[in-house]
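**Q** Fold the following, please.
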Amino acid sequence: MSARLPELPDDPLAPEIQSAVARLALARRAGEIDRTREFPWTEFRGLGAAHLLGLRTAPERGGRGLSLPRVGTLLFRLAYLSGTTFAKMSLQPEFSSVLADHGSTALRQEWFDPMVRGERLIGNQITEPGAGSDAAAIRLAAERSGDGYVLTGEKSEVAFAEEAQGAIVYGVVPGAAGTGGPTAFLVPQDLPGISRQAGPGDLGEHWQRRGTVRYDRVHIPSSHRIGEEGEGYRYVRSELTRERALLAAVYLGVGRASWEETVRYVGERTAFGRPLAAQEAVAFPLVEDGAHLDAAWLFVHRTLERLEAGAPVDGDAAVAKWMATETALRAIDHAIQFHGGRGYSAAYPHEQRWRDVRSGHIAHGPAEIMHLVAARDLWPRRRTDPR
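**A** As a prediction, the model looks like this:
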């Protein structure tokens, strides 16, 4: 019982994405990395050499300089072909766009440009014990000292806690001007006074190896400050909006892969003398999943188009991330269910996809905060935080 599937979102660079996935064996490596819990340095460098890191980054910085809608389409493709691991890896420069947009020329040349080439890994350190979604509760101190600062405090839930060579760290400078929020710094992670420790392990996305980083009177020069004192909130807000809209594209690509594989499977697998696809209890949920995936993609793509045009879309990006995560999880859950006992096993990629996508309801703003951001767009009021 053959299936007629709708077309995938397309882009002129789609064949190049497919070629890189095949050349670097990304689909196979995603499963291996999940088991070994390693950071995939070889693939990171390979994506850099293929110019697939920093798809939005300007060409003079080593990127492609693509529009946000095109970046979203290519991330959808990359996730569809290989899962979240390498699509999110492609987004690492986007997650550090505060450095690209507000760092000095020297900092960008030393840190950001090598990351786009896959030569350096930069982490982001915002969250602290007691300061997750409530970023205003950040307590890491950045005290002025001569021509520099002294950092003291702890960052938690840090991706690449032991692997990153540098990190964008947000700390509080006493008496800072600007918005009065935290200040961003680029901090090399091999400085004296820094201790790093991987955590106990996560449900999914094992390659990120999240952990804790502690700062015990760590000295950094003023040249490592990103932008102005007290402006960290303002800088990170626009970055978060882009991140959320692009992550939505990643999750929908993964959901689409599981949905397609399940549509084909139930057309071939028989039960009670006929294909599973002829059973309404199986066919109807898959019809709904396909419709929801397409509708979510249209919303995400529209959000990226509006974002590219400079429209205020904080609420739409928040809804896009929540909706894409929810839609993908439902499609993957049905994939597990309709593949039966083996669907629940590592024999198929669905269980890993579910675990990896599940982070979408927590990372880069939990689902509850996404609703709050969207509600504030509907009923505006004065805001002073980056959510």
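
**Q** any idea how far the residue of the chain most remote from its centre is from residue 279?
**A** The C-alpha centroid of the chain is most remote from residue 273, which lies 44.1 Å away (CA atoms, centre = their mean). For residue 273, the distance to residue 279 (CB to CB, to the nearest Å) stands at 11 Å. (C-beta placed from N, C-alpha, C; glycine too.)

**Q** cool, and residue 355?
**A** Going from residue 355 to residue 279 by CB to CB gives 28 Å.

**Q** Remind me which helix or strand residue 149 belongs to.
**A** strand 148-158 (DSSP states H and E).

**Q** Show me the contact partners of that strand.
**A** 123-129, 132, 139-143, 167, 169, 171, 173, 185, 187, 193, 199, 210-222, 224-225 (CB atoms under 8 Å, 6 or more residues apart in numbering).

**Q** where along the stretch 201-350 of the chain do the helices fall?
**A** 232-268, 280-308, 314-338, 350-358 (DSSP state H, counting those that start in this stretch).

**Q** Can you check which of those gets nearest to residue 18?
**A** Nearest to residue 18 among the helices of the stretch 201-350 of the chain is helix 232-268; the distance by CB to CB comes to 12.8 Å.

**Q** those strands in the chain, which residues are they?
**A** Here the chain has its strands, by DSSP state E, at 122-125, 141-144, 148-158, 166-171, 183-188, 194-198, 211-221, 225-226, 270-271, 274-275.

**Q** just those strands: most buried one?
**A** Most buried of the strands of the chain, by mean neighbour count (mean count of other CB atoms under 10 Å): strand 166-171, with a mean of 27.

**Q** Going by contacts, tell me the helices and strands next to that strand.
**A** strand 122-125, strand 148-158, strand 183-188 (3 or more CB pairs under 8 Å, 6 or more residues apart in numbering; DSSP states H and E).

**Q** Direction included, what does that strand pair against?
**A** Taking DSSP bridges as the criterion, strand 166-171 sits next to strand 122-125 (parallel), strand 183-188 (antiparallel) in its sheet.

**Q** Distance to residue 314 for the ones you listed - can I get that in JSON lines?
**A** Output for those, formatted as JSON lines (distance: least, CB to CB, whole Å):
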{"stretch": "strand 122-125", "distance to residue 314": "19"}
{"stretch": "strand 183-188", "distance to residue 314": "20"}
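
**Q** For residue 244, which of those strands is the nearest?
**A** The closest of these to residue 244 is strand 122-125. By CB to CB, the value is 14.2 Å.

**Q** how far is that closest one from where the chain is centred?
**A** Relative to its chain's centre, strand 122-125 lies at 12 Å (CA atoms, centre = their mean, to the nearest Å).

**Q** Check stretch 50-67 too.
**A** Relative to the centre of its chain, stretch 50-67 is centred 17 Å away, using CA atoms, centre = their mean.

**Q** Quick check: mean pLDDT of that stretch?
**A** If you average the pLDDT over stretch 50-67, you get 94.

**Q** now swap in stretch 379-387 and tell me
**A** Mean pLDDT, stretch 379-387: 64.

**Q** what do you get for stretch 328-340?
**A** Here stretch 328-340 scores 98 as its mean pLDDT.

**Q** still on that earlier bit, who has more neighbours, residue 355 and residue 279?
**A** For residue 355 and residue 279, the more surrounded residue by other CB atoms under 10 Å is residue 355, and the numbers stand at 17 against 14.

**Q** correct me, but that one touches residue 85?
**A** No. Residue 355 is not in contact with residue 85 according to CB atoms under 8 Å; the separation is 11.6 Å.

**Q** shared neighbours of these two, which are they?
**A** Shared contacts of residue 355 and residue 85 (CB under 8 Å, 6+ apart): residue 205.
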